[in-house]
Structure formats: C-alpha cells, structure tokens
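# pasting the sequence and the predicted coordinates here, then a few questions.
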Amino acid sequence: MKFKITFLFITLISTISVAQSKTGTIDSDYIINLMPEAKVVIERSQSYGSRLDSLFSIKMKDYQTRVADFREKEKEMGELMKKTLIQELTALEQDIKKYQENGNKLMQLKQDELMRPLYKKLNTAIDEIAKAEGFTLILTIAGNQYAYIDDNYDITKKVMAKLGIKEPEVKE
C-alpha cells in the first residue's frame, strides 16, 4: 500500500514539473496605435464626435437664448409666468445634461465599434505567434506594473512583423 501511494505521489510531482508554462508579454496599445487602420478610426471617431457636438451646440444655444430672454423680461412677468418659464428652463437644462451624458456613452460605443476589428486582427496575430512559439500565457504590459519583464519573451515586435507594421524610427 505504501508503495502505491509513493508511486502516485512521484507520478503527480513529475506531472506537475513537466507542465510548466511559457509566459510572454506584449504592448498591445503600442501596436494598435501604429496600425494604419487606427488613423481611420480616429478620423471616424472625430467626425462622429463633431456631429454630436454640433447638435449639442444647437441645444445649448437655444437654452442660452431662452435664459437671456427670461432675464430680460423677468421684471415684467407675473409669478405664474415666472414659475412656468423656470420649470421649462429647468427641464431644458436637465435635457441638455442627459444629452451630454448620452453623447459621451454614444461616443464610447462608437469608438469600441470602430476599434473592434483592430483588436480582432491583433488577437489573431497574437494567437498565431503564441501557438507557434509554445506560449501558454501572453500578458499585456500596457497599464500594468511589473517588477521585471524579460525582453526575450516580449512578442510585440513579432506581432508587428506579422501584421506588417514597421516600428517608427527614434529621432534623437
């Protein structure tokens, strides 16, 4: 019985020691920013943002005109009219705030939609290189704090080469 337990224990230990993982790193944000498609995404995002801003400007200008008109005629108005106009202005102000919040959300959704194909392309390249080189784990270095990263396991340049992206020259 002791022999069987010892044999199972040794088998388990040897299995664990054989199943080591190979971990690599990548700077995905760096690659995404260098992709030629990123410029198109930025242009489309800015265009979409400009359309949202122009609609916001129209709403804001209308609000400012109404407030100025109210202040100008406030002394001549009765209490009921003041109360009604104040409620209308308050509702308009809340509408503007809601539009601004929704605009920010819409802008984020549009950017995510436009970036999705870039991330898919990047992830495909990462998968291919990781499988070809036997990596079991690839960590992104963007935004993370690591005490030490061995550059030999960084696949950023390999992924860039796979995607046909040239590294910009550093001018000193």
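Great, that's in hand.

# give the next helix or strand downstream of the lengthiest helix in the chain.
What stands out as the longest helix in the chain, according to DSSP state H, is helix 79-133. Next in sequence after helix 79-133, counting helices and strands by DSSP states H and E, comes strand 137-140.

# quick one: strands adjacent to that next one?
strand 23-26 (parallel) (DSSP bridges).

# which other residues reach the partner strand?
126, 130, 133, 135-141, 146, 149, 153-156, 159 (CB atoms under 8 Å, 6 or more residues apart in numbering). In this view, the C-beta of every residue, glycine as well, is placed from N, C-alpha and C.

# just the buried ones from these?
The neighbour count (16 or more other CB atoms under 10 Å) marks I126, A130, F135, I138, I141, D154, I155, T156, V159 as buried among the contacts of strand 23-26.

# shaky segments in this structure?
In the predicted model of the chain, residues 1-20, 143-149, 172 satisfy pLDDT under 70.

# rerun that using 80 as the cut-off
1-21, 142-153, 169-172 (pLDDT under 80).

# from V41, how far out is the most centrally placed residue in it?
For the chain, the residue nearest the mean C-alpha position is D112 (6.5 Å; CA atoms, centre = their mean). Counting by CB to CB, to the nearest Å, the gap from D112 to V41 is 10 Å.

# got it, and I165?
15 Å.

# please apply the same query to A125.
17 Å.

# one more: K98?
K98 is 27 Å from V41, by CB to CB.

# more neighbours: which of these two?
Set side by side, K98 and V41 show more neighbours around V41, with 19 against 10, by other CB atoms under 10 Å.

# quick one, what contacts I32?
If you count contacts by CB under 8 Å, 6+ apart, then I32 has A38, M115, L118, Y119, L122 around it.

# for Q64, what are its contacts?
If you count contacts by CB under 8 Å, 6+ apart, Q64 has none.
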